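1. Sequence and predicted structure, then a few things I'm wondering about:
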Amino acid sequence: MQTTSIPLLLGEIAGFRRLTVKEYHRLIEIDLLTPGDRVELIEGFLVKKMSHNPPHADLLRWLTMKLSVMLPKGWVLSVQLPITLADSEPEPDFAVIRSRGRYYRDHGHPEPSDSPLVIEIADTSLAGDRRDKGRMYARAIIPTYWIVNVNEQQIEVYSSPSGPNDEPSFGQRRDFRLGESVPVVLDGVEVGTVAVAELFD
């Protein structure tokens with residue numbers, strides 16, 4: 001998902017206050033925020049989502065098709081829909097989530113324990129997806145985070161999240177380039193692969 005970058009010191013600027021996830025949900029419930037506002041909650045701040053350019057939109061369609069047919073029973077592909085973290089509610093381009101019937105309707109959006117793989121498509125948003133969203137997903141202990149890097153034609157796979165600490169981060173990063181395939185791993189089981197060349201050829 002392309003978003004504007006979040007300044008690292010934003011929380012220290014006078015006049016800003018972070019929203020809780022509960023407050024964010026309340027703004028939606030009372031229609032102060034609507035789908036037309038095109039924002040998501042990132043580390044307590046409302047961040048505007050950017051429009052899709054053609055390469056981003058094309059990758060979104062292609063990966064939706066590729067991943068949807070790959071997932072085994074018990075898993076669902078969520079496309080640009082919310083996942084709820086402790087201090088954020090991002091809407092990643094993709095999240096592979098556990099299929100739990102109508103559970104999410106009654107109990108809220110999927111949480112980190114429901115989402116072993118989150119994927120963002122990045123071109124102009126690359127720096128923010130690496131830094132801000134990487135920090136956010138590592139803090140939430142999302143097991144695997146992919147960045148589909150449009151400009152460098154590679155998929156960056158981040159794993160071994162630190163969890164909540166002073167500087168959340170992923171302990172491992174591997175870049176898959178043209179000629180390589182990325183394994184799709186859910187709960188330690190490889191369910192398929194994505195060939196990088198298929199995305200960018």
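-> Looks like it arrived, so ask away.
2. CA-only coordinates of the lowest-mean-pLDDT helix or strand in the chain in PDB, if you can.
-> Using mean pLDDT, DSSP states H and E, the weakest-scoring helix or strand in the chain turns out to be helix 103-107, at a mean of 80. The C-alpha coordinates for helix 103-107 follow below in PDB (Å, rounded to 0.1, in the frame of the first residue of the first chain):
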ATOM      1  CA  TYR A 103     -15.500 -14.700  13.200                       C
ATOM      2  CA  TYR A 104     -14.100 -11.400  12.000                       C
ATOM      3  CA  ARG A 105     -17.500 -10.000  11.400                       C
ATOM      4  CA  ASP A 106     -18.400 -10.400  15.100                       C
ATOM      5  CA  HIS A 107     -15.000 -10.000  16.700                       C
END
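3. contacts for the helix or strand just after that helix?
-> Next along the chain after helix 103-107, taking DSSP states H and E as the criterion, comes strand 117-122. Strand 117-122 has contacts (C-beta atoms under 8 Å, 6 or more residues apart in numbering) with 1-2, 56, 59-60, 63, 83, 92-96, 129-130, 133, 137, 142-150, 184-186. Backbone N, C-alpha and C define where each C-beta goes, glycine included.
4. In space, what's closest to residue 185 - neighbours in sequence excluded?
-> Distance criterion C-beta to C-beta, 6 or more residues apart in numbering; nearest residue to residue 185, sequence neighbours excluded, is residue 144 at 6.6 Å.
5. what do you get for residue 183?
-> In this structure, residue 183 finds its nearest non-sequential neighbour in residue 190, 4.8 Å apart by C-beta to C-beta, 6+ apart.
6. List the buried residues for the least confident helix or strand of the chain?
-> Within helix 103-107, the residues scored as buried using 16 or more other C-beta atoms under 10 Å are residue 104.
7. coming back round to it: what about the residue nearest to residue 185, how many neighbours?
-> Using other C-beta atoms under 10 Å, residue 144 is surrounded by 23 other residues.
8. Same question for residue 112.
-> By other C-beta under 10 Å, 20 other residues sit near residue 112.
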